[in-house]
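Asker: Give me a model of this one.
(chains A and B, ligands or ions: 2)
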Amino acid sequence: MAEILVLVDHVDGEVKKVTLELLTLANRLGEASAVWVGAGYDGAKDKLAEYGAQKVYVGADEELASYVVAPKAALLAQLVQEKSPAAVLVAATGEGKEVAGRLAVKIGSGVLTDVVDVADGFVAEHSIFGGGTIAHAKVTTGTPVIAVRPNAVAAEAAPATPAEEQVTVALSDTDKGTKIVEKVVQEKGERPDLTEAAIVVSGGRGVGGAENFKIIEGLADSLGAAVGASRAATDAGWYPHQFQVGQTGKTVSPQLYIAVGISGAIQHRAGMQTSKTIIAINKDSEAPIFELVDFGVVGDLFQVAPQLTEEITKRK
Amino acid sequence: MNIVVLVKQVPDTESPRKLKSEDSTLDRAAADGVINELDEYAIEEGLRIKEAHGGEVTVVTLGPGKATESIRKALAMGADKAVHVLDDALAGSDALQTSYAIAQVLGRTGFDLVILGSESTDARTGVLAAMLAERLGVPQVSLANKVEIEGSSIKAQRITDYGFDRVEATLPAVVSVVEKINEPRYPSFKGIMAAKKKPVETLGVADAGIDAGQVGLANAATAVVDFAEAPPRAQGQIVSDEGDGGTKIADFLAAKKFV
Ligand SMILES: Cc1cc2nc3c(=O)[nH]c(=O)nc-3n(C[C@H](O)[C@H](O)[C@H](O)COP(=O)(O)OP(=O)(O)OC[C@H]3O[C@@H](n4cnc5c(N)ncnc54)[C@H](O)[C@@H]3O)c2cc1C
Ligand SMILES: Cc1cc2nc3c(=O)[nH]c(=O)nc-3n(C[C@H](O)[C@H](O)[C@H](O)COP(=O)(O)OP(=O)(O)OC[C@H]3O[C@@H](n4cnc5c(N)ncnc54)[C@H](O)[C@@H]3O)c2cc1C
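Answerer: Residues are numbered from 1 along each chain as shown, chains lettered A, B, ... in the order given. Ligands and ions are numbered 1, 2, ... in the order given. Okay, here's the model as predicted:
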């Protein structure tokens, strides 16, 4: 079976769920080989094995994680040359797509982004124009480089005993062009990751202030959901920017999305309209978000949301 | 400072966007063209850097004749001049080819800073900044929500999934911006009038040093196999809150087995 490289997405050794999804997808298309970059592999290895990594290439050199994107692409390019994999899969996050872009240039391959599924022959399915069109595309030159969206493929445990191979790569001056001098990890607390969560509850300008986000958090916690926010809410400083959902924030595709006090501007919709079930609470019956909903309540969020939280808690 | 801002004309996200059945490329006639929103932030950042450090802002766009509308807007905001690569040979280029073509143009214009949006609203690949940095062999200062330049050093805040990274590099560099970086100015009446007199150089691929055999649909490294409109979302149920709105949502969630 053909080898498929999967770049592991992790924060300080904590493996993101999308990586497990990519391993599952890779094993469907061939044999998954995980590619680890940076520190923390020992704490993560069991997880990669549990989700079916047949092999792991470990690039543990700290230097690889000290520069923006390029070292990851350099390591992957070297592996593509040495191992001739059938394809390379990365997560379609802001950074993942950049790795894919640099890698594609280094190896002269086509790249496909925002892919939601990959079939035999590496035919990739894209959801484009905010979910309005489904397109299938293929890489016709070189080793396919494919960036797959988080939450698009279900991760399945498939325990394996991966062979480990330490790898190093000599970085060029270009690879070391942009130095990361400080990494600021903003706490997300106990809640699930926004892009990984099965349920997302987002608040917008209607929430009216940072203190009131407690209402959104309360509702989210009753459902075990992640919290998101519109740009109006992040720009106002009510919620940190990495929770922004939309065109220039995160793209989420959960089972359930609840928009509270969000009008549904096109830029917000671009980040959430492929959610399976959508619910909105908004006092304006004309708000465009209602065009998308499966269920909507026209009403004051300060009445409706707490009542909803209470009802959910009661029924658990 | 020689600042080049990359601008893409995209279909207005408010109008229906489609692919063409003949060749699976973007149907540009189906929707109004507008400047890619994030590129306005790129232009604004270029103008601010010019205002602080001196120099010139050149707009570069690869696109059809209609893209002159976006060029005019950029010039009206305050950019000094523009290069428009207009050639049917470019039609249907994928990201790998577009980055090659833009890199060739940048070889001609030269640059200290290349500024672009971190993502377009139509294709949304978000790969160009990384591809250009790789091709040009210069630092990639991408996904920036804050940029500071001092002499030849550039410091930026790069947004990440977990927060942000503080990054440093040396010019020349490629910078991509997110919308948190600034608030783009509106073109003034004076700016709109002045834009009419600013130089716009229109080039074919050969003049721009682009090998026609490396661009365009026929030479692309990716191909669309097929496409179809996604089934529309079914019209949902909308109720007015009569003191039981929360309970009604809970009933809906229970019926859908979320609670
Ligand atoms: C380049 C660019 C990129 C952008 N990227 C993003 C992005 O990634 N994500 C994003 O979200 N936006 C983005 N935007 C901004 C977007 O255009 C909208 O401005 C934004 O989404 C509006 O946020 P909102 O819905 O919270 O606020 P508003 O549009 O002001 O809506 C607030 C809503 O709350 C309702 N409301 C008020 N009070 C109550 C109450 N008590 N009870 C119930 N409902 C109430 C109102 O009826 C209204 O519908 C971007 C814009 C640009 C130009
Ligand atoms: C729906 C759709 C999906 C596509 N998917 C893919 C894909 O998966 N893989 C692929 O290789 N190609 C794809 N393409 C082709 C791709 O749109 C073009 O190659 C495009 O020129 C570059 O992609 P982008 O706009 O997404 O770049 P991004 O990296 O998202 O754009 C970032 C910035 O680059 C600058 N820029 C982009 N294009 C130009 C230009 N022509 N002139 C000047 N500046 C520019 C702008 O500043 C823009 O803000 C797709 C096209 C469409 C319409």
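Asker: Up against ligand 1, what does chain B have?
Answerer: When proximity is defined as CB under 6 Å from any ligand atom, chain B approaches ligand 1 at B:Glu37, B:Leu38, B:Glu179. Backbone N, C-alpha and C define where each C-beta goes, glycine included.
Asker: Out of these, which are close to ligand 2?
Answerer: B:Leu38.
Asker: Of the residues of chain B next to ligand 1, which is the nearest to A:Val118?
Answerer: B:Leu38 (28.2 Å; CB to CB).
Asker: can the helix or strand encompassing the closest one be found next to chain A?
Answerer: Per DSSP states H and E, B:Leu38 falls inside helix B:37-53. Yes. Residues of helix B:37-53 are located near chain A by CB under 8 Å from any CB of the partner chain, namely B:Glu37, B:Leu38.
Asker: Pull out the buried positions in whichever helix or strand comes after that helix.
Answerer: Heading C-terminal from helix B:37-53, the first helix or strand you meet, by DSSP H and E, is strand B:56-62. Neighbour-count burial for strand B:56-62 flags B:Val57, B:Thr58, B:Val59, B:Val60, B:Thr61, B:Leu62 (criterion: 16 or more other CB atoms under 10 Å in any protein chain shown).
Asker: Repeat that for stretch A:62-76.
Answerer: A:64-76.
Asker: contacts for it?
Answerer: A:5, A:7, A:35, A:37-39, A:57, A:59, A:88, A:95, A:98-99, A:102-103, A:106, A:167, A:169, A:171-172, A:174-180, B:130, B:133-134, B:139-142, B:158, B:165, B:167 (CB atoms under 8 Å, 6 or more residues apart in numbering or on different chains).
Asker: and if we set it to 6 Å?
Answerer: Stretch A:62-76 has contacts (CB atoms under 6 Å, 6 or more residues apart in numbering or on different chains) with A:37-39, A:59, A:88, A:98-99, A:102-103, A:106, A:169, A:171, A:175-176, A:178-180, B:140, B:167.
Asker: pLDDT on it, on average?
Answerer: Per-residue pLDDT values across stretch A:62-76 average out to 97.
Asker: do the same with stretch A:215-231
Answerer: 97.
Asker: So that stretch, near ligand 1 or not?
Answerer: Yes. Using CB under 6 Å from any ligand atom, we find that stretch A:215-231 touches ligand 1 at A:Ser230, A:Arg231.
Asker: How far off centre is that stretch?
Answerer: Centre-to-centre, stretch A:215-231 and its host chain are 18 Å apart (CA atoms, centre = their mean, to the nearest Å).
Asker: for stretch B:118-138, same thing?
Answerer: 9 Å.
Asker: how long is it from one end to the other?
Answerer: End-to-end distance of stretch B:118-138 (CA to CA, to the nearest Å): 17 Å.
Asker: which of the buried residues of strand B:56-62 sit farthest apart?
Answerer: B:Val57 and B:Leu62 (17.7 Å).
Asker: The stretch 151-300 of chain A: strands as residue ranges?
Answerer: Counting by DSSP state E, counting those that start in this stretch, residue ranges of the strands within the stretch 151-300 of chain A are A:163-166, A:179-185, A:199-203, A:226-229, A:256-260, A:277-282, A:295-298.
Asker: closest to B:Pro172 out of these?
Answerer: Using CB to CB, the strands of the stretch 151-300 of chain A put strand A:179-185 closest to B:Pro172, at 16.0 Å.
Asker: Doesn't A:Glu95 belong to a helix?
Answerer: Yes. Looking at A:Glu95 with DSSP: H, G, I helix; E, B strand; the rest coil, it is inside a helix.
Asker: neighbours around it, how many?
Answerer: 22 (other CB atoms under 10 Å in any protein chain shown).
Asker: Dihedrals phi and psi, the residue of the stretch 151-259 of chain B found nearest ligand 2?
Answerer: Relative to ligand 2, the nearest point of the stretch 151-259 of chain B is B:Thr222 (4.8 Å; CB to the nearest ligand atom). B:Thr222 adopts backbone torsions of phi -130, psi 160, taken as degrees, to the nearest 10.
Asker: what's around the nearest residue to it once chain neighbours are set aside, how many residues?
Answerer: Nearest residue to B:Thr222, sequence neighbours excluded (CB to CB, 6 or more residues apart in numbering or on different chains): A:Gly110, at 3.9 Å. Residues lying near A:Gly110 (other CB under 10 Å) number 23.
Asker: Tabulate the strands of the stretch 151-300 of chain A (JSON lines), appending distance to B:Val174.
Answerer: JSON lines is the format used below for the strands of the stretch 151-300 of chain A (distance: least, CB to CB, whole Å):
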{"stretch": "strand A:163-166", "distance to B:Val174": "32"}
{"stretch": "strand A:179-185", "distance to B:Val174": "15"}
{"stretch": "strand A:199-203", "distance to B:Val174": "32"}
{"stretch": "strand A:226-229", "distance to B:Val174": "29"}
{"stretch": "strand A:256-260", "distance to B:Val174": "34"}
{"stretch": "strand A:277-282", "distance to B:Val174": "37"}
{"stretch": "strand A:295-298", "distance to B:Val174": "43"}
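Asker: is it possible to export those to a markdown table including mean neighbour count?
Answerer: Formatted as a markdown table, these follow (neighbours: other CB atoms under 10 Å in any protein chain shown):
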| stretch | mean neighbour count |
| --- | --- |
| strand A:163-166 | 13 |
| strand A:179-185 | 13 |
| strand A:199-203 | 28 |
| strand A:226-229 | 28 |
| strand A:256-260 | 27 |
| strand A:277-282 | 26 |
| strand A:295-298 | 24 |
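Asker: Format those as TSV; extra columns: distance to ligand 2.
Answerer: Listed next are the strands of the stretch 151-300 of chain A as TSV, based on distance: least, CB to the nearest ligand atom, whole Å:
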stretch	distance to ligand 2
strand A:163-166	30
strand A:179-185	21
strand A:199-203	24
strand A:226-229	22
strand A:256-260	23
strand A:277-282	23
strand A:295-298	29
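Asker: can you tell me which residues contact the residue of the stretch 151-259 of chain B closest to ligand 2?
Answerer: A:Gly110, A:Ala137, A:Val139, B:Asp94.
Asker: Can you name the residues bridging to it?
Answerer: Beta bridges link B:Thr222 to A:Val139 when assigned by DSSP bridges.
Asker: Give me the pLDDT for it.
Answerer: Looking at B:Thr222, the pLDDT reads 96.
Asker: relative to strand A:199-203, how tilted is the host helix or strand of B:Asp251?
Answerer: Using DSSP H and E, B:Asp251 sits in helix B:245-255. With axes from the mean of the first three to the mean of the last three CA atoms, to 10 degrees defining the directions, helix B:245-255 sits at 160 degrees from strand A:199-203.
Asker: Are there helices or strands packed against helix B:245-255, and which ones?
Answerer: The contact analysis (3 or more CB pairs under 6 Å, 6 or more residues apart in numbering or on different chains; DSSP states H and E) places helix B:245-255 against helix A:301-315.
Asker: what comes into contact with the helix it packs on?
Answerer: Taking CB under 6 Å, 6+ apart as the rule, helix A:301-315 contacts A:206, A:215, A:218-219, A:222, A:260-261, A:281, A:297, B:241, B:245-247, B:249-250, B:259.
Asker: so what secondary structure elements neighbour the helix or strand where B:Ile154 lies?
Answerer: Assigned by DSSP H and E, B:Ile154 falls within strand B:153-160. Other helices and strands packing on strand B:153-160, by 3+ CB pairs under 6 Å, 6+ apart, are strand B:140-150, strand B:163-170.
Asker: Show me what the longest one is packed up against.
Answerer: By that I understand strand B:140-150. Using 3+ CB pairs under 6 Å, 6+ apart: strand B:140-150 touches helix B:128-136, strand B:153-160, strand B:173-177.
Asker: most packed of those?
Answerer: Comparing those by mean neighbour count (mean count of other CB atoms under 10 Å in any protein chain shown), strand B:173-177 comes out on top with a mean of 29.
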